[in-house]
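In: 3D model of this:
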Amino acid sequence: MKHMVDLVADLGEGFGAYTMGDDEALLDVLTSANIACGFHAGDPRIMDATVRHCVRRGVAVGAHPSFPDLVGFGRRAMDLTPDEVRTDTLYQIGALRAFATAHHTRVRHIAPHGRLGNLVATRPDYAGAVADAVESLDRSLVVLAQDGALADAVRARGLRVGIVGIADRAYRDDGTLVPRSEPGAVIHDPGEIAERTVRMVTEGVVRTVGGRDLPVECDTVLLHGDTPGAITLAHRIRRELLAAGVRIAPLADVLDAKTGDAKTGYAKTGDAKTGDAKTGVGA
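Out: Now for the predicted structure:
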């Protein structure tokens with residue numbers, strides 16, 4: 001099977017008069033978007049505008065729920081109960097669904113943000129709470145996760161999971177990310193990031209900080225838009241994936257191709273695009 005991958009990024013992460021990253025430019029590269037839902041970033045105006053821009057550009061809308069940590073951008077650990085994680089997740093997805101409905105689309109996936117996203121990979125109670133929220137709300141939602149507790153909890157409930165490869169983050173030998181508080185957690189060399197991404201998608205491995213080639217699945221590549229040179233880097237990653245023979249495709253198409261599922265994918269809904277029509281991006 002020809003290699004396929006979705007490209008996703010975190011969008012709408014400003015607040016009030018403050019902006020972060022160049023969402024408009026990044027939308028040229030993406031097939032999916034994780035949209036902040038107000039707990040770590042985003043507000044009603046930003047959420048509305050971000051969903052509108054995604055619909056206009058054919059980018060699939062996803063929810064990016066977080067711990068309630070606006071000051072810390074959702075990157076601080078918080079001692080929440082599993083039920084608080086479940087209800088906070090429901091609350092945030094519900095808010096984004098309102099804007100999606102207003103713009104005649106729907107929320108396609110969910111991707112936990114920041115510290116919550118880190119902890120659901122290793123804490124079964126938090127992972128179960130997020131999976132329970134999705135199961136009770138909309139079983140058609142795809143859950144984006146790294147291999148770990150959340151992916152296991154989602155699969156146990158018969159829900160769909162999309163495994164995320166993170167192009168510019170360092171991996172430990174156990175498959176978890178190096179914490180941002182440690183040196184070398186974020187990779188900055190564009191050539192290294194592009195090479196790592198192509199290997200993730202075409203070879204199914206990533207080089208860890210311990211020098212090991214770690215087997216990884218990669219249904220979607222997470223690009224960041226809030227670092228210096230991020231837009232240029234995103235175009236380079238897309239261009240090098242295409243040069244390696246990879247098809248950039250909506251997430252549902254990627255998952256359907258893996259499972260042989262004949263269910264309707266994003267590309268048939270009229271509000272998302274396939275990568276084959278964008279092979280000139282970044283050239």
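In: OK, contacts around G62?
Out: 8, 32-35, 107-111, 142, 144 (Cβ atoms under 8 Å, 6 or more residues apart in numbering). For glycine as for every other residue, the C-beta is placed from the backbone atoms N, C-alpha and C.
In: which stretches of this structure form strands?
Out: For the chain, the strands defined by DSSP state E cover 4-11, 32-36, 60-64, 107-110, 142-145, 160-166, 205-207, 213-215, 220-223, 247-248.
In: output those strands as a markdown table; include the columns mean pLDDT and distance to A127.
Out: Compiled in a markdown table, the strands of the chain are given as follows (pLDDT from 0 to 100; distance: least, Cβ to Cβ, whole Å):
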| stretch | mean pLDDT | distance to A127 |
| --- | --- | --- |
| strand 4-11 | 97 | 20 |
| strand 32-36 | 98 | 18 |
| strand 60-64 | 98 | 16 |
| strand 107-110 | 98 | 13 |
| strand 142-145 | 98 | 8 |
| strand 160-166 | 95 | 11 |
| strand 205-207 | 92 | 22 |
| strand 213-215 | 92 | 21 |
| strand 220-223 | 95 | 18 |
| strand 247-248 | 96 | 29 |
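In: any low-confidence regions in the chain?
Out: Scanning the chain for pLDDT under 70 picks out 1, 261-283.
In: just send the strands of the chain back as TSV, with distance to G72 too.
Out: Formatted as TSV, the strands of the chain follow (distance: least, Cβ to Cβ, whole Å):
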stretch	distance to G72
strand 4-11	16
strand 32-36	14
strand 60-64	15
strand 107-110	21
strand 142-145	22
strand 160-166	20
strand 205-207	28
strand 213-215	29
strand 220-223	20
strand 247-248	33
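In: out of the contacts of G62, the closest to T197 would be?
Out: For those, the residue nearest T197 by Cβ to Cβ is V8; the value is 12.6 Å.
In: okay, now the closest one: neighbour count?
Out: Applying other Cβ atoms under 10 Å, we find 26 residues neighbouring V8.
In: I'd guessed it sits against L144; true?
Out: Yes: counting by Cβ atoms under 8 Å, V8 touches L144, with 7.1 Å between them.
In: any shared contact partners between those two?
Out: What both V8 and L144 touch, as defined by Cβ under 8 Å, 6+ apart, is the set 34, 62, 111, 164, 220.
In: farthest pair in the residues you listed?
Out: Maximum pairwise distance among the shared contacts of V8 and L144 (Cβ to Cβ): 11.3 Å, between G62 and V164.
In: common neighbours of these two, please.
Out: Counting by Cβ under 8 Å, 6+ apart, the residues touching both G62 and V164 are 8, 111, 144.
In: for the strands of the chain, which one sits closest to Y126?
Out: Nearest to Y126, of all the strands of the chain, is strand 142-145, at 11.6 Å by Cβ to Cβ.
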